[in-house]
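Peer 1: sequence first, then the predicted structure, then my questions.
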Amino acid sequence: MISMDDAKIVLAPHEQRLYDCVSKACDRWFKDVSREIPNSYVRTEANVIYNLIATEARNRFGSVSHVIVTENHEQILLYIDDALVVRFKKVDPGLHTACNSTQRSFDLEEGQISIPGLPDLEVVTVGYQLDAASTRLESVYIFHGRVVWSYELMAAASNLVSLPITPAPAAKVVPISLAKPRVTPVAKVGSDGDR
């Protein structure tokens with residue numbers, strides 16, 4: 001099992017992007033989209049916010065080296081540095097997710113996942129909470145498994161500078177069934193120094 005300290009080392013370069021995926025999606029929901037569907041059901045709110053998070057994740061991580069963006073089972077996952085898988089979920093105050101009990105959801109809750117063509121990695125969740133009235137983003141956490149460890153991402157991200165994001169080309173997102181580990185070819189150098 002990965003420790004919180006080891007996970008923080010892997011995630012540190014990506015924390016602002018992870019936070020922005022959630023915060024920008026929630027901002028869009030509260031400022032724009034929710035006005036188009038007033039009195040929406042809680043399920044609608046969660047589904048739309050998740051779709052907005054997925055769009056943000058594609059745009060913010062699609063061109064980042066050492067990150068593979070995959071989508072399957074109506075879920076977006078980020079494979080980071082061949083060390084961790086990141087998923088996004090709405091959570092309650094105890095950091096519990098609301099999902100249907102399936103083997104896949106159980107594996108994700110336990111912090112593990114196995115997908116053909118990709119290495120078996122541990123899963124961490126970027127969980128977000130809305131305020132009691134569902135009118136604003138309350139907090140964002142990163143946690144492992146059934147909350148073996150957790151830390152608040154908002155506090156870590158508040159010290160970072162947000163950079164403008166250029167949307168990534170859609171071709172970067174690969175279906176899980178076609179995903180393959182990245183291999184970087186090594187260029188050979190000749191005796192005269194030319195490649």
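Peer 2: Happy to help now that I have it. As the structure is a computational prediction, the values presented were derived from the model and not from experiment.
Peer 1: quick check: what element follows the biggest strand by length in the chain along the chain?
Peer 2: For the chain, the strand reaching the highest residue count under DSSP state E is reported as strand 121-130. Later in the chain than strand 121-130, the nearest helix or strand by DSSP states H and E is strand 137-144.
Peer 1: could you list the paired strands of the next helix or strand after that next one along with their orientation?
Peer 2: Next in sequence after strand 137-144, counting helices and strands by DSSP H and E, comes strand 149-152. Strand pairing for strand 149-152, determined by DSSP bridges: strand 137-144 (antiparallel).
Peer 1: which residues touch the partner strand?
Peer 2: With contacts defined as Cβ atoms under 8 Å, 6 or more residues apart in numbering, strand 137-144 is touched by 1-2, 4, 7, 11, 18-19, 22-23, 26-27, 91, 95, 111, 122-131, 149-154, 157. For the C-beta atoms, the positions are set from N, CA and C on the backbone; glycine is no exception.
Peer 1: of the residues you listed, select the buried ones using a ChimeraX command.
Peer 2: Buried subset of the contacts of strand 137-144, written as a ChimeraX selection, criterion 16 or more other Cβ atoms under 10 Å:
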select :2,7,11,18,19,22,23,26,91,111,122,123,124,125,126,127,128,130,149,150,153,154,157
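Peer 1: next, count neighbours for the closest residue to residue 152 other than its chain neighbours.
Peer 2: Spatially, and ignoring its direct neighbours in sequence, residue 152 is nearest to residue 141 (5.5 Å; Cβ to Cβ, 6 or more residues apart in numbering). By other Cβ atoms under 10 Å, 18 other residues sit near residue 141.
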